[in-house]
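Asker: Based on what follows, work out the 3D shape:
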Amino acid sequence: QVQLVESGGGLVQAGGSLRLSCTASGRLLSSYVMGWFRQAPGKEREFVAVMGTGGSIVYADSVKGRFTISRDDAENTVYLQMNSLKPEDTAVYYCARHYGGNVYYIRSYNSWGQGTQVTVSS
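Answerer: Numbering: from 1, shown residues only. All right, here's what the predicted structure looks like:
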């Protein structure tokens, strides 16, 4: 089983940037498809981005051009660089390990971190 720990969240003004990290213990992240999701207050958890083992990447339309997912296999860490942040990006951000099925669906992931809060002020 892999344990995932997110970090890097915080409070930032609109237009600012943050870089989230997701570090794994127990298994090598390079072997897995890894995704980022977010959940805003009162809303369902939603897909943000995913990176395949071969480096293929998919972004949600709402973050395309502003967010970048990447991984550092030596550090066993997946990153989410978030630029040009907007108040609507405010949410708890989660990383997750994909185990099968459509990458957009929460049920396709079986290991989740505890989440890190991102708050964007206007």
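Asker: how about the strand or helix carrying residue 78: buried residues?
Answerer: In the assignment (DSSP states H and E), residue 78 maps to strand 77-82. When burial is assessed from 16 or more other C-beta atoms under 10 Å, strand 77-82 yields the following buried residues: 77-80, 82. Bear in mind the C-beta positions are built from the backbone N, C-alpha and C, glycine included.
Asker: out of these, who's nearest residue 25?
Answerer: For these, the residue nearest residue 25 by C-beta to C-beta is residue 77; the value is 10.8 Å.
Asker: Confirm for me that residue 40 is in contact with residue 90.
Answerer: Yes - at 6.2 Å, residue 40 and residue 90 qualify as touching, with contact defined as C-beta atoms under 8 Å.
Asker: More neighbours: these two, which one.
Answerer: residue 90 (18 against 14; other C-beta atoms under 10 Å).
Asker: got the contact list for that one?
Answerer: Taking C-beta atoms under 8 Å, 6 or more residues apart in numbering, we find residue 90 in contact with 40, 118-120.
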